[in-house]
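Engineer: predicted model and sequence below, questions to follow.
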Amino acid sequence: MHVVIDDLSKVYRGGIYALQNVNLSIPGGMFGLLGPNGAGKTTLMRILAGILRPTSGTLLVGEHDGNTEKGRSEIKRVLGYLPQDLGMYPDLNAREFLDYIGILKGMDRRKVRQQRVDELLEMVGLRNVARRKLKTFSGGMKRRVGIAQALLNDPRLLIVDEPTAGLDPEERIRFRNLLSELGGERTVLLSTHIVEDIAQTCRNLAILKSGQIIFKGNIAELVQETRGKVWAITTSGEKPEGNFTVVSTLHMGTSIQYRVVGEAAGQAGAIPLDPSLEDCYVWLMREQHSVLSTALIR
């Protein structure tokens with residue numbers, strides 16, 4: 001399901017822009033929305049989900065107009081949403097919770113609803129613990145219950161907001177793999193500040209900073225933009241200085257290797273490296289900071 005966002009802005013009291021003239025086209029499959037905390041990602045997700053109204057701009061989900069009451073109702077019918085903080089009833093077990101959410105979503109036929117609940121518990125790997133109370137679940141298990149509730153209505157558009165935050169590495173990998181599988185059948189919008197989650201699941205992405213889109217395209221295009229800006233500098237211990245950001249440090253016995261992003265061509269012994277998505281992200285943030293600093297000086 002294609003999502004088209006045009007000149008979307010959200011302004012809070014005091015003239016504070018959470019989003020400013022956002023233009024974005026989201027195709028089918030997995031799509032990543034990357035940005036630091038406070039960039040406006042959750043505001044955008046809540047507008048897409050019909051929870052918030054934009055101050056200005058337009059939103060189309062398929063043929064449904066998100067600026068009209070009828071359009072928002074139709075969007076909710078085809079939408080699955082996993083917010084960053086999903087409230088759960090700790091004394092219900094997983095099956096009871098999903099059955100209750102199914103009732104709230106209008107799934108009135110008990111047999112059909114319970115069959116769907118069982119299918120989803122199997123899909124997210126919780127069938128064997130379906131009768132355990134939610135308060136006994138780990139963080140990762142609760143996130144899997146969260147994705148199951150978002151899938152109850154078999155949505156064509158699935159929105160997940162910071163789904164792996166706070167999870168251990170094993171649960172993060174399991175959750176990423178699950179999202180990738182779901183992206184083959186529908187549009188999945190993954191919003192996160194964790195670069196690795198995007199790198200492992202998405203081909204197309206947008207990067208949001210301070211309520212504005214600073215990049216949109218595919219990862220290959222972003223890597224190409226950053227080529228020539230990533231370097232390895234090895235020293236006997238002293239930290240190199242220059243117009244770059246150190247992104248990692250590797251101790252190698254009597255020497256230290258620094259991975260840096262920026263202008264390091266003139267540094268003694270600097271070796272160019274292929275950019276990772278994390279390097280690209282750091283480069284973009286540096287560039288935007290430089291543009292803002294220059295504007296302030298002027």
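Structural biologist: Now that the structure is in, tell me what you want to look at.
Engineer: just checking, Leu44 touches Leu189?
Structural biologist: No: Leu44 lies out of contact with Leu189 (CB atoms under 8 Å); the separation is 9.2 Å. (Each C-beta comes from the backbone N, C-alpha and C, glycine too.)
Engineer: intersection of neighbour lists for the two?
Structural biologist: Residues touching both Leu44 and Leu189 comprise Leu33, with contact defined as CB atoms under 8 Å, 6 or more residues apart in numbering.
Engineer: which element is the residue nearest the centre of the chain on?
Structural biologist: The structure's the chain has its C-alpha centroid closest to Ser191; by CA atoms, centre = their mean the separation is 1.8 Å. Taking DSSP states H and E as the criterion, Ser191 maps to strand 187-192.
Engineer: for that strand, output the C-alpha coordinates as PDB.
Structural biologist: This file holds the C-alpha atoms of strand 187-192, laid out as PDB (Å, rounded to 0.1, in the frame of the first residue of the first chain):
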ATOM      1  CA  THR A 187       3.900  -2.000   3.600                       C
ATOM      2  CA  VAL A 188       5.900  -2.000   6.900                       C
ATOM      3  CA  LEU A 189       7.100   1.400   8.200                       C
ATOM      4  CA  LEU A 190       9.800   0.900  10.800                       C
ATOM      5  CA  SER A 191      10.600   4.000  12.900                       C
ATOM      6  CA  THR A 192      13.700   3.900  15.000                       C
END
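Engineer: can you name every helix or strand that the next helix or strand after that strand contacts?
Structural biologist: Counting by DSSP H and E, the next helix or strand C-terminal to strand 187-192 is helix 195-201. Under the contact definition 3 or more CB pairs under 8 Å, 6 or more residues apart in numbering; DSSP states H and E, helix 195-201 sits against strand 29-34, helix 169-182, strand 187-192, helix 277-297.
Engineer: looking at these, which is nearest to Val160?
Structural biologist: strand 187-192 (5.5 Å; CB to CB).
Engineer: now that closest one and strand 29-34, what's the angle there?
Structural biologist: 20 degrees (axes from the mean of the first three to the mean of the last three CA atoms, to 10 degrees).
Engineer: partners of strand 187-192 in the sheet?
Structural biologist: Using DSSP bridges, strand 187-192 pairs in its sheet with strand 29-34 (parallel), strand 157-161 (parallel).
Engineer: count of neighbours near the residue nearest to Pro36 when sequence neighbours are not counted?
Structural biologist: Of all residues not flanking Pro36 in the chain, His193 sits nearest, at 5.6 Å (CB to CB, 6 or more residues apart in numbering). His193 has 18 neighbouring residues, counting by other CB atoms under 10 Å.
Engineer: what do you get for Gly269?
Structural biologist: Other residues close to Gly269 by other CB under 10 Å number 11.
Engineer: and the pLDDT at it?
Structural biologist: At Gly269, the pLDDT value in this model is 83.
Engineer: and for Ser236?
Structural biologist: At Ser236, pLDDT is 88.
Engineer: same deal with Pro240?
Structural biologist: pLDDT, Pro240: 89.
Engineer: next one: Val291
Structural biologist: pLDDT recorded at Val291 is 44.
Engineer: ok so, going back, what does the strand holding Ser191 rub up against?
Structural biologist: 1-3, 26-34, 41-42, 44-45, 48, 156-165, 179, 182, 197-198, 201-202.
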